[in-house]
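*Asks:* Sequence and predicted structure are below.
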Amino acid sequence: MNKIIFLDIDGVLNSIESAAAISKIEGKRIIPGPTFVEPPFTRENLNWSMEMVCNLKEIVKETGAMIVITSSWREKFQWAHLFIDMFAKYGWMNAPVSSCTPMHLMSRGEEVDEWIKIGNSLQAPITEYVIIDDEDDYSGEQLSHLVLTNKRVGLTAADARFAIKLLNKDESSNSI
């Protein structure tokens, strides 16, 4: 059984409110996103919210899901191990980041579809998946798998509970 979390970062692991709070503490304007992030990674240059990372970690703990990065961050950091290093800065050692979706198709929805098609042919079939994103660039069947976050607040505990419910909805279902 393979469960997958297709994960965006901006508006999910950081938010407008978390960036504003960090800006206030550090006395400089923080803009969420990978533009100014360079290794070595630190919590200060990533600017993710510990609370939002913990909410994601809870989803993984309760479902056993693997993470696939869909975020624009993958354009700068294309390798899963770099994201694993980023999560480690928040105390999550060996976060289960398996890969990133292919880039530069027409939409993120198409990139997810392509990853599912390739993933199902190369490994154990995907039984359930969720898409956690602050944008709804998805269509059809994907919308029933979408956990749409509010970019002002990011991934909340309620969003995490919804994702867990979707991923664990039918432990005996057939693969996608």
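*Replies:* On my side now, so go ahead.
*Asks:* partners of the strand with the most length in the chain in the sheet?
*Replies:* As assigned by DSSP state E, the longest strand anywhere in the chain is strand 126-133. Paired with strand 126-133 in the same sheet, following DSSP bridges, are strand 2-7 (parallel), strand 146-148 (parallel).
*Asks:* Could you identify which of these is most buried?
*Replies:* strand 2-7 (a mean of 24; mean count of other C-beta atoms under 10 Å). The way it works is simple: take the backbone N, C-alpha and C, and place the C-beta from them, glycine included.
*Asks:* starting at the chain centroid, how far to it?
*Replies:* Centre-to-centre, strand 2-7 and its host chain are 9 Å apart (C-alpha atoms, centre = their mean, to the nearest Å).
*Asks:* Pull out the CA atoms of stretch 71-87 and give them to me as PDB.
*Replies:* Extracted in PDB, the C-alpha atoms of stretch 71-87 (Å, rounded to 0.1, in the frame of the first residue of the first chain):
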ATOM      1  CA  SER A  71       6.200  23.300  -5.000                       C
ATOM      2  CA  SER A  72       8.000  25.800  -7.100                       C
ATOM      3  CA  TRP A  73      10.900  25.100  -4.600                       C
ATOM      4  CA  ARG A  74      11.700  22.000  -6.700                       C
ATOM      5  CA  GLU A  75      12.800  24.300  -9.500                       C
ATOM      6  CA  LYS A  76      15.800  25.400  -7.300                       C
ATOM      7  CA  PHE A  77      16.200  22.200  -5.200                       C
ATOM      8  CA  GLN A  78      15.500  19.300  -7.500                       C
ATOM      9  CA  TRP A  79      16.700  16.400  -5.200                       C
ATOM     10  CA  ALA A  80      14.700  14.800  -2.500                       C
ATOM     11  CA  HIS A  81      17.600  14.600  -0.100                       C
ATOM     12  CA  LEU A  82      17.800  18.500  -0.100                       C
ATOM     13  CA  PHE A  83      14.200  18.600   1.200                       C
ATOM     14  CA  ILE A  84      15.000  15.900   3.800                       C
ATOM     15  CA  ASP A  85      17.800  18.200   5.000                       C
ATOM     16  CA  MET A  86      15.400  21.100   5.200                       C
ATOM     17  CA  PHE A  87      12.900  19.100   7.300                       C
END
